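Q: Could you work out the structure for the sequence below:
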Amino acid sequence: MGLSLSVVFSSLAGYLLGADTVDFKILVLLAFGGYFMVGASNVFNQIIEKDLDALMQRTKHRPIPTGRLSVTSAFILGCLFTISGLTILYIINPKTAMFGAISIFLYTSAYTPLKGKTPLAVFVGAIPGAIPFMLGWVATTNDFGIEPGTLFMLQFFWQFPHFWAIGWFLHEDYQKAGFNLLPTGKQDRGTASQVILYTIWAIIVSIIPVFGFTGKLHLSIVGAIIVFLIGLIMLYYAFELFKKMTVKAARQLMLASVIYITVIQIVYVLDKFIR
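A: Residues are numbered from 1 along each chain as shown. I've put the predicted structure just below:
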């Protein structure tokens with residue numbers, strides 16, 4: 001539920017950034033389309049990983065491993081979610097539906113199978129994970145350009161410290177299923193260094209709109225300063241993980257990353273409508 005709502009929130013933020021006038025019908029369609037889209041991805045993911053989910057503490061109580069939902073019923077549900085989500089997104093415009101389809105395909109057909117084979121799965125998974133923010137812009141403009149591309153890159157780079165923080169404090173649980181999402185395969189300074197690096201990249205991308213290079217996507221100087229300072233807070237927790245290398249530090253970074261992307265999106269939207 002939390003993941004689904006975060007996708008909807010990102011999509012709506014992207015829509016508000018791209019819209020000249022807000023069409024509440026499109027907002028509602030985007031919310032439901034995005035919700036079904038991530039729901040379909042999650043259902044297919046849980047079908048594929050049903051045996052592995054049963055091995056991990058955090059997933060063993062999911063509907064399929066516990067027998068509350070059969071694989072057949074889950075597959076039908078996933079198909080209904082896919083058809084419903086893509087149909088709704090297509091009503092908005094074809095490009096929005098196309099990116100929704102790409103997201104579902106990459107998550108289920110690339111990211112999920114790769115999780116048990118290579119840490120590069122995080123890179124692949126970051127692509128569908130970065131689509132929602134840009135999806136909203138495409139929904140209102142029916143076009144993909146530098147503006148939604150910038151929104152995509154911001155959420156793309158942000159996902160690495162976010163997912164590696166999760167991979168760090170759930171490392172032992174993931175190991176039970178043969179998953180290793182950390183870039184070095186270990187809870188070490190190599191992983192922590194990359195967390196810092198990608199956090200810095202996310203911060204850099206987040207302030208690029210202030211320089212006027214990103215078409216209709218603008219950010220005021222005040223907005224850029226606020227965005228930069230929020231980024232420094234997340235960077236602080238990334239350095240804390242590097243210094244302490246503890247599960248607690250990883251959990252703090254994960255929480256900071258969720259707050260970061262949420263607040264950044266709010267600041268972007270407010271900056272557009274206030275200035």
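
Q: Okay, now the unreliable bits of the stretch 151-275 of the chain?
A: Across the stretch 151-275 of the chain, the ranges flagged by pLDDT under 70 are 275.

Q: go with 80
A: Residue ranges of the stretch 151-275 of the chain with pLDDT under 80: 177-178, 275.

Q: quick one, strands of it?
A: For the stretch 151-275 of the chain, no strands are identified by DSSP state E, counting those that start in this stretch.

Q: Do a quick rundown of the helices in it.
A: 171-176, 189-207, 221-244, 247-274 (DSSP state H, counting those that start in this stretch).

Q: for the ones you listed, which one ends up most surrounded?
A: For the helices of the stretch 151-275 of the chain, the largest average neighbour count (mean count of other C-beta atoms under 10 Å) is found in helix 189-207, namely a mean of 20. For every residue, glycine as well, the C-beta is placed using N, CA and C.

Q: returning to that earlier point: ok, which of the helices of the stretch 151-275 of the chain comes nearest Gly33?
A: Set against Gly33 and scored by C-beta to C-beta, the helices of the stretch 151-275 of the chain come closest in helix 247-274, at 18.3 Å.

Q: Got the domain ranges for this structure?
A: Domain ranges of the chain: 1-143, 145-275, per automatic domain parsing.

Q: Distance from the chain centre to the first one, please.
A: Okay, so that is domain 1-143. Put simply, domain 1-143 sits 10 Å off its chain's centre (C-alpha atoms, centre = their mean, to the nearest Å).

Q: ok, now the shortest one?
A: Taking C-alpha atoms, centre = their mean, the mean C-alpha location of domain 145-275 is offset from the chain mean by 11 Å.

Q: Count the residues that sit near Gly129.
A: Using other C-beta atoms under 10 Å, the number of residues around Gly129 comes to 26.

Q: could I get the helices of the stretch 151-275 of the chain as TSV with distance to Pro148?
A: Below are those laid out as TSV (distance: least, C-beta to C-beta, whole Å):
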stretch	distance to Pro148
helix 171-176	32
helix 189-207	13
helix 221-244	18
helix 247-274	13
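
Q: The ones you listed: which one's closest to Gly39?
A: Nearest of the helices of the stretch 151-275 of the chain (C-beta to C-beta): helix 247-274, 19.8 Å.

Q: Run through the neighbouring helices and strands of the closest one.
A: helix 2-18, helix 146-169, helix 221-244 (3 or more C-beta pairs under 8 Å, 6 or more residues apart in numbering; DSSP states H and E).

Q: So Gln57, which state does it fall into?
A: Following DSSP: H, G, I helix; E, B strand; the rest coil, Gln57 is assigned to coil.

Q: Hmm, Asp173 and it touching each other?
A: Yes: counting by C-beta atoms under 8 Å, Gln57 touches Asp173, with 5.3 Å between them.

Q: What ranges in the stretch 1-150 of the chain fall below the confidence cut-off?
A: For the stretch 1-150 of the chain, the stretches with pLDDT under 80 are 1-4, 116.

Q: ranges for the helices of it?
A: Under DSSP H, counting those that start in this stretch, the stretch 1-150 of the chain gives helices at 2-18, 24-48, 50-53, 63-66, 71-92, 94-106, 112-114, 121-141, 146-169.

Q: Could you list every helix and strand in contact with the fourth one?
A: Right, helix 63-66. Judged by 3+ C-beta pairs under 8 Å, 6+ apart, the packing partners of helix 63-66 are helix 24-48, helix 50-53, helix 71-92.

Q: can you redo the ones you listed as TSV with mean neighbour count?
A: Formatted as TSV, the helices and strands packed on helix 63-66 follow (neighbours: other C-beta atoms under 10 Å):
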stretch	mean neighbour count
helix 24-48	20
helix 50-53	16
helix 71-92	17
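
Q: a markdown table for those helices, including distance to Gln265?
A: A markdown table is the format used below for the helices and strands packed on helix 63-66 (distance: least, C-beta to C-beta, whole Å):
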| stretch | distance to Gln265 |
| --- | --- |
| helix 24-48 | 14 |
| helix 50-53 | 30 |
| helix 71-92 | 20 |
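
Q: quick one: which of those helices is nearest Asp143?
A: helix 71-92 (12.7 Å).
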